[in-house]
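*Asks:* The following comprises the amino acid sequence and a computationally predicted model.
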Amino acid sequence: MKLENKNWLPHLKNEMMIGARNNNLCSYLIALEGWRRGLTLKFYSRKVKKASLHVPGCLYSLSSDDKTHTFYKSKGMDVKGKAFSIGDNKFKAKKWLAKHGVQVPEGEKFSKEISNEEIISYANKLGFPVVLKPAKAAQGKGVIANIKNEKFLEESLLHVRSELNYPDVIVEQYVEGKEYRVYVMKDEVIAVLNRVPANIIGDGIHSIKKLIEIKNKERRKNPRLFSCQIKVDYEVESLLKNTRYTLDSIPEKDKQIFLRVKSNITSGGDSVDVTDEFPEEIKKMAIEALKSVPDFPHGGVDIIVDPNRPVDKAAYVIELTPVPQIGSLVFPMKGKGRDVPSAIIDYYFPETKNKRNNNPNVYFDLKDVLAPLMSKSASEITVSPVPLNLSFAKKYNMTGKVQGVGFRRWIRKKALESDLYGYAQNLRDGSLDVVVAGDEVMVNKFRDTCKQGPKASKVKEISEAMWERPIKIGFEIKSNPKIKKNKEQRPEQAQVNGEQVKKKKTFAQRLKRKIKKV
């Protein structure tokens, strides 16, 4: 499956996400939308107390003239109190939902004082298959589903409680069916994602190990899946063993091999948007589940749907998520990308709805913005306001003596003096590209600046074209492109401006040649 989906949102292009493809993608998507609408954006340094980690980018605020809202990743400040305490505790959430008439899988929580034997005894009474999950963990860590017998449960308990160090666990009935992440905003479902457990499709040629490598390479093309690689671990090895496969097995063409039972995207699951075809009855159930908890206006509802039951009894809520990952909703592997960031900004700043997806080609590099926080030279950073005049852009290409003469640094200075944004980059053919965006008159006048160049340069020809791709604020001097060696070309020769140029031999090479002649 090719993972560069053509149905992604046009104002959120892949290249804009390069500086935020790991833990900060959720923060960046929401912050970018608010910033584009003219809101003041600030990022703050934050330490995770338990792990003493320095993780700038998670905590940020957006402000209008009369109000400020603070966010942590995808959680806005209106998600608080009861919502966070219940959403952060799987067992507490399950009991709360059951009390309010929401269907949940039957199960029980066991503290570290309870022995594995007692847990196994409970599982026998409940009936196999069962699911084992840590009482407190995120992103599917330690969750083992479809445990069909005592031996597998015993092995799983040792793994989760001892090896992963999650002594408090939950055992609950395993519900067979497809799993969905439903994103709810008050009385509306904004997005529904079918999360498919990690899998590979056989081609009759490659081993399972190689197919995992190939799929991981494809996943890196997706801004959300970039950091969600399929890792071979205890769960993968156990599942392959139970299905009589090994990592060296070569599955037949088009044969789908599941590598996990749990469907978390973080652990390698596939993301498929199904918002439009998802049953309205189950959407309503997700809305009611979230509304049952005070101070929970928006968030994720995880649901398993049993296809063998009537639609009004088919859905089980398995989790409420106050800080859901929204990257997969925006960048699914298959289906439409959903504009969850805009829905969140609409809720907190309704007066800016008319500016939805404003300045769609303008963005800032999150990695550059967070650099002072990462180095601990600052505790908060205010992002420069969105430029209001970046609706017009052009690319100028110059040939002649334009490389090695300080042209890029000179043109950067001139662009910033003219209040223009863009970049300059040397090309392999010896020419220079300059992209500038800003006021239309200034952009057009900049052609003369490019033609002039610094003193040491000599511009022979200049061509221009309209530029409709993303523009990053600031003016960047891009590094030179890497030159690929031609296999048929001798190592001491290179192509410059279409002509073959012989490289000067080193002293050692000349000396070696003289010795051979003697």
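*Replies:* Great, that's in hand.
*Asks:* Roughly how far does residue 110 sit from residue 168?
*Replies:* 7 Å (CB to CB, to the nearest Å). Glycine gets a C-beta too; all of them are placed from N, C-alpha and C.
*Asks:* Those two: which is more packed in?
*Replies:* Comparing residue 110 with residue 168 by other CB atoms under 10 Å, the one with more neighbours is residue 110, at 22 against 16.
*Asks:* close enough to count as contact, that one and residue 169?
*Replies:* Yes. Counting by CB atoms under 8 Å, residue 110 does reach residue 169; the two are 5.5 Å apart.
*Asks:* Mind listing the shared neighbours of these two?
*Replies:* residue 119 (CB atoms under 8 Å, 6 or more residues apart in numbering).
*Asks:* Mind splitting the chain into its structural domains?
*Replies:* If you go by automatic domain parsing, the domain ranges for the chain are 14-74+340-382, 80-104+176-197+269-324, 106-173, 199-262, 387-518.
*Asks:* For residue 6, find the nearest of the ones you listed.
*Replies:* Of all these, domain 14-74+340-382 sits nearest to residue 6, with 11.3 Å by CB to CB.
*Asks:* quick one: the helices in this structure?
*Replies:* Along the chain, counting by DSSP state H, helices occupy 25-36, 82-87, 90-99, 116-126, 150-157, 208-219, 234-242, 280-291, 327-330, 340-348, 366-374, 407-417, 440-452, 507-517.
*Asks:* For the fifth one, which residues meet the burial criterion?
*Replies:* Translated: helix 150-157. Burial within helix 150-157, assessed by neighbour count using 16 or more other CB atoms under 10 Å, is assigned to 152, 153, 154, 156, 157.
*Asks:* who's in contact with it?
*Replies:* So helix 150-157 is contacted by 116, 119-120, 123-124, 128, 130, 132, 144, 147, 169, 238, 242 (CB under 8 Å, 6+ apart).
*Asks:* I'd like the average pLDDT over it.
*Replies:* The average pLDDT for helix 150-157 rounds to 94.
*Asks:* If I take it and helix 234-242, what angle do their directions form?
*Replies:* 160 degrees (axes from the mean of the first three to the mean of the last three CA atoms, to 10 degrees).
*Asks:* now helix 150-157: how far from the chain's centre is it?
*Replies:* How far helix 150-157 lies from its chain's middle: 34 Å, per CA atoms, centre = their mean, to the nearest Å.
*Asks:* repeat for the shortest one
*Replies:* Using CA atoms, centre = their mean, we find the averaged C-alpha position of helix 327-330 to lie 7 Å away from the chain's own average C-alpha position.
*Asks:* again, but for the fourth one
*Replies:* Centroid separation for helix 116-126 versus its chain: 39 Å, with CA atoms, centre = their mean.
*Asks:* and it, what does it pack onto?
*Replies:* With contacts defined as 3 or more CB pairs under 8 Å, 6 or more residues apart in numbering; DSSP states H and E, helix 116-126 has these neighbours: strand 107-110, helix 150-157, strand 169-173.
*Asks:* For that helix, buried residues please.
*Replies:* Buried residues in helix 116-126 (16+ other CB under 10 Å): 116, 119, 120, 123, 126.
*Asks:* Tell me the one of the contacts of helix 150-157 nearest residue 201?
*Replies:* Nearest to residue 201 among the contacts of helix 150-157, with distances taken as CB to CB, is residue 242, at 19.6 Å.
*Asks:* okay, now the nearest residue to residue 389 once chain neighbours are set aside: neighbour count?
*Replies:* Distance criterion CB to CB, 6 or more residues apart in numbering; nearest residue to residue 389, sequence neighbours excluded, is residue 439 at 4.8 Å. The tally of other residues near residue 439 (other CB under 10 Å) stands at 17.
*Asks:* Kindly report the same for residue 233.
*Replies:* When neighbours are counted by other CB under 10 Å, residue 233 comes out with 13.
*Asks:* Give me the buried stretch members for stretch 302-320, please.
*Replies:* 302, 303, 304, 305, 314, 315, 316, 317, 318, 319, 320.
*Asks:* just stretch 269-276 next, same as before
*Replies:* 269, 270, 271, 272, 273, 274, 275.
*Asks:* next one: that stretch to chain centre, how far?
*Replies:* So, by CA atoms, centre = their mean, the centroid of stretch 269-276 is 15 Å from its chain's centroid.
*Asks:* What distance separates the opening and closing residues of that stretch?
*Replies:* End-to-end distance of stretch 269-276 (CA to CA, to the nearest Å): 21 Å.
*Asks:* One more: stretch 110-129?
*Replies:* End-to-end distance (CA to CA), stretch 110-129: 18 Å.
*Asks:* The spatially closest residue to residue 224 that is not a sequence neighbour: neighbour count?
*Replies:* Nearest in space to residue 224, with sequence neighbours left out and distances taken as CB to CB, 6+ apart, is residue 327 at 3.4 Å. As a burial measure, residue 327 scores 26 neighbours (other CB under 10 Å).
*Asks:* Help me confirm that residue 327 comes into contact with residue 223.
*Replies:* Yes. The criterion here is CB under 8 Å, and residue 327 meets it with residue 223 at 6.5 Å.
*Asks:* which residues are common contacts for those two?
*Replies:* Residues touching both residue 327 and residue 223 (CB under 8 Å, 6+ apart) are residue 25.
*Asks:* now, which of the contacts of helix 150-157 sits nearest residue 294?
*Replies:* The closest of those, once distances to residue 294 are taken by CB to CB, is residue 169, at 27.7 Å.
*Asks:* Could you double-check that the closest one sits in contact with residue 162?
*Replies:* No. In this structure, residue 169 is not within contact of residue 162 by CB under 8 Å, at 11.4 Å.
*Asks:* These two: who's more crowded?
*Replies:* For residue 169 and residue 162, the more surrounded residue by other CB under 10 Å is residue 169, and the numbers stand at 26 against 11.
*Asks:* who touches the more buried one in this structure?
*Replies:* Applying CB under 8 Å, 6+ apart, we find residue 169 in contact with 109, 110, 119, 132, 133, 134, 135, 157, 160, 161.
*Asks:* Any chance of a markdown table for the helices and strands packed on helix 116-126, columns distance to residue 74?
*Replies:* Listed next are these as a markdown table, based on distance: least, CB to CB, whole Å:
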| stretch | distance to residue 74 |
| --- | --- |
| strand 107-110 | 27 |
| helix 150-157 | 30 |
| strand 169-173 | 24 |
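*Asks:* Give me the neighbour count for the closest residue to residue 359 other than its chain neighbours.
*Replies:* Spatial nearest neighbour of residue 359, chain neighbours left out: residue 36 (4.6 Å); criterion: CB to CB, 6+ apart. Using other CB under 10 Å, residue 36 is surrounded by 25 other residues.
*Asks:* give the contact list for residue 36.
*Replies:* 355, 357, 358, 359, 360, 362, 386.
*Asks:* would you turn those residues into TSV with neighbour count?
*Replies:* Below are the contacts of residue 36 laid out as TSV (neighbours: other CB atoms under 10 Å):
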residue	neighbour count
355	17
357	15
358	16
359	19
360	15
362	23
386	20
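*Asks:* I'd say residue 34 and residue 27 touch.
*Replies:* No. Judged on CB under 8 Å, residue 34 makes no contact with residue 27 at a distance of 10.9 Å.
*Asks:* Compare neighbour counts for those two and give me the winner.
*Replies:* Taking other CB under 10 Å, residue 34 and residue 27 do not tie; residue 34 has more neighbours (27 against 22).
*Asks:* Bridged to the closest residue to the more buried one other than its chain neighbours, which residues?
*Replies:* Of all residues not flanking residue 34 in the chain, residue 62 sits nearest, at 4.1 Å (CB to CB, 6+ apart). On the basis of DSSP bridges, residue 62 is bridged to residue 41, residue 69.
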